[in-house]
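Student: Give me a 3D structure for the following:
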Amino acid sequence: MIEGALQGLGILYAYDSDRVEEAIARGQLKRILVDWSLTSPGLYLYYSNRRHPQPALRAFIDCLLDRDQAASKRRARL
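Tutor: This is a model prediction of the structure:
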């Protein structure tokens, strides 16, 4: 999707991507709809809490949490 936006094929919605930030800094991409964009970092996932999540959903949630924690550590090193 990033490559498509860089080629001018459309609008990209991206969250926390170093490649997107670099493209913005180089002037290859620009932010639009800034007033309506989410500004707080983090992941948001909504699902029914009436019962425990199925194993596949639990694995997906754990994967997202691991990815978010790894990204936070990378940002802290910069």
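Student: tell me how far stretch 22-31 is from the chain's mean position?
Tutor: Relative to its chain's centre, stretch 22-31 lies at 16 Å (Cα atoms, centre = their mean, to the nearest Å).
Student: buried stuff in it?
Tutor: Ala23, Leu29 (16 or more other Cβ atoms under 10 Å). All C-beta atoms are positioned from the backbone trio N, CA, C, and that covers glycine.
Student: can you tell me the distance between the two ends of that stretch?
Tutor: From its first residue to its last, stretch 22-31 covers 12 Å (Cα to Cα, to the nearest Å).
Student: where does the protein have low pLDDT?
Tutor: Low-confidence regions of the chain, defined here as pLDDT under 70, cover residues 15-16, 38-43, 49-50, 75, 78.
Student: Let me see the ranges of the strands in it.
Tutor: Shown for the chain, no strands are assigned by DSSP state E.
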